[in-house]
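Student: Quick one, structure for this:
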Amino acid sequence: MNLFHEMSNKGVTPNVLTYNTLIGGFCRVKRRKVALELLHKMRACGQPPDAQTYAVLLDGMCKNGQVVEAIKVFLEMEDKTLCNNIVIYSILIDGLCNVGNLKVARELFYCLPAKGLQPDVQTYTIMLKGLCKEGLTDEASELLKKMDGNGCTPNDRTYNTIIQGLLQQNETSKAMKYLKIMVDNGFSANAMVATMLVDLLSSNQVDKNIQELRHKFV
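Tutor: Just a heads-up that it's a prediction; the model follows:
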């Protein structure tokens with residue numbers, strides 16, 4: 001902030017990148033009030049916030065558990081054209097899922113096409129994670145099928161997300177199916193999934209799927 005004030009004293013006008021960097025920094029240290037003050041200062045100085053400004057602000061607020069406040073800022077956004085941004089919707093959906101408000105997250109997700117937006121791989125993965133977190137693995141599996149059918153190819157994070165969710169729900173058979181698909185597509189398990197698989201292999205379970213896993217990957 002000292003450097004920021006020094007800029008103004010020396011006649012150097014802060015640009016949108018300057019403000020975005022400061023807003024992101026204050027969000028990371030949970031100083032939402034200062035971040036919002038900077039947003040208002042931007043507007044007052046004739047520097048219109050861009051999509052990245054709101055993405056940084058909303059992301060910081062959601063990660064700090066201030067999802068209600070984040071949605072309020074979203075609804076109050078002056079430039080409504082910036083609302084039509086899949087990144088911003090993904091941030092809000094993720095924040096809602098993280099606080100257990102799957103109902104609103106699902107509503108936001110399924111209303112995207114009506115707003116002229118198509119979920120990208122990150123949006124789908126976030127929604128899959130939210131569904132798995134609530135134990136709705138069947139719905140998550142169906143969403144994965146729709147994702148592929150809509151021309152959005154799952155990536156390694158997508159597969160790891162649903163595999164982790166299935167393993168947490170003890171749905172080993174389904175998890176193994178997706179593990180095979182993931183490996184066949186050239187992806188590998190992340191650290192969390194790998195640990196869960198090692199735990200399965202080290203257990204006394206004699207499930208057929210576990211034995212197949214042992215022969216295939218050990």
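Student: Low-confidence regions, this protein specifically.
Tutor: In the predicted model, the chain carries pLDDT under 70 at residues 204-218.
Student: Helices of that one, residue ranges please.
Tutor: Read by DSSP state H, the chain holds these helices, from start to end of the chain: 2-9, 16-28, 32-44, 51-63, 67-76, 86-98, 102-110, 121-133, 137-149, 156-168, 172-184, 191-202, 208-217.
Student: Switch those helices over to TSV; also include mean neighbour count.
Tutor: C-beta here means a position set from N, CA and C on the backbone, and glycine is covered the same way. Listed next are the helices of the chain as TSV, based on neighbours: other Cβ atoms under 10 Å:
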stretch	mean neighbour count
helix 2-9	10
helix 16-28	18
helix 32-44	15
helix 51-63	22
helix 67-76	16
helix 86-98	22
helix 102-110	17
helix 121-133	23
helix 137-149	16
helix 156-168	22
helix 172-184	18
helix 191-202	14
helix 208-217	13
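Student: I'd guessed Met42 sits against Leu57; true?
Tutor: No - at 10.7 Å, Met42 does not count as touching Leu57 under the criterion of Cβ atoms under 8 Å.
Student: Now do the contacts for Cys45.
Tutor: Remark: with contacts taken as Cβ atoms under 8 Å, 6 or more residues apart in numbering, Cys45 is in contact with Thr13, Pro14.
Student: Ignore what I typed, I meant Glu139.
Tutor: For Glu139, the contact set (Cβ under 8 Å, 6+ apart) comprises Leu131.
Student: contacting residues around the residue nearest to Cys27 when sequence neighbours are not counted?
Tutor: Counting by Cβ to Cβ, 6 or more residues apart in numbering, the nearest residue to Cys27 once its immediate chain neighbours are dropped is Gly60, at 2.2 Å. Contacts here follow Cβ under 8 Å, 6+ apart; on that basis Gly60 touches Ile23, Gly24, Phe26, Cys27, Arg28, Arg32, Ala35.
Student: residues contacting the residue nearest to the first one when sequence neighbours are not counted?
Tutor: Here the nearest residue to Ile23 in space, its sequence neighbours aside, is Ala35; by Cβ to Cβ, 6+ apart that works out to 4.8 Å. Ala35 makes contact with Leu22, Ile23, Phe26, Cys27, Leu57, Gly60 under the criterion Cβ under 8 Å, 6+ apart.
Student: quick one, phi/psi of Arg31?
Tutor: The phi and psi values for Arg31, taken as degrees, to the nearest 10, are phi -110, psi 70.
Student: how many other residues sit next to it?
Tutor: Counted with other Cβ atoms under 10 Å, the neighbours of Arg31 add up to 15.
Student: residue contacts, the closest residue to Pro49 other than its chain neighbours?
Tutor: Distances taken as Cβ to Cβ, 6+ apart place Met42 nearest to Pro49, at 5.5 Å, with adjacent residues excluded. Residues in contact with Met42 (Cβ under 8 Å, 6+ apart) are Val16, Tyr19, Pro48, Pro49, Thr53.
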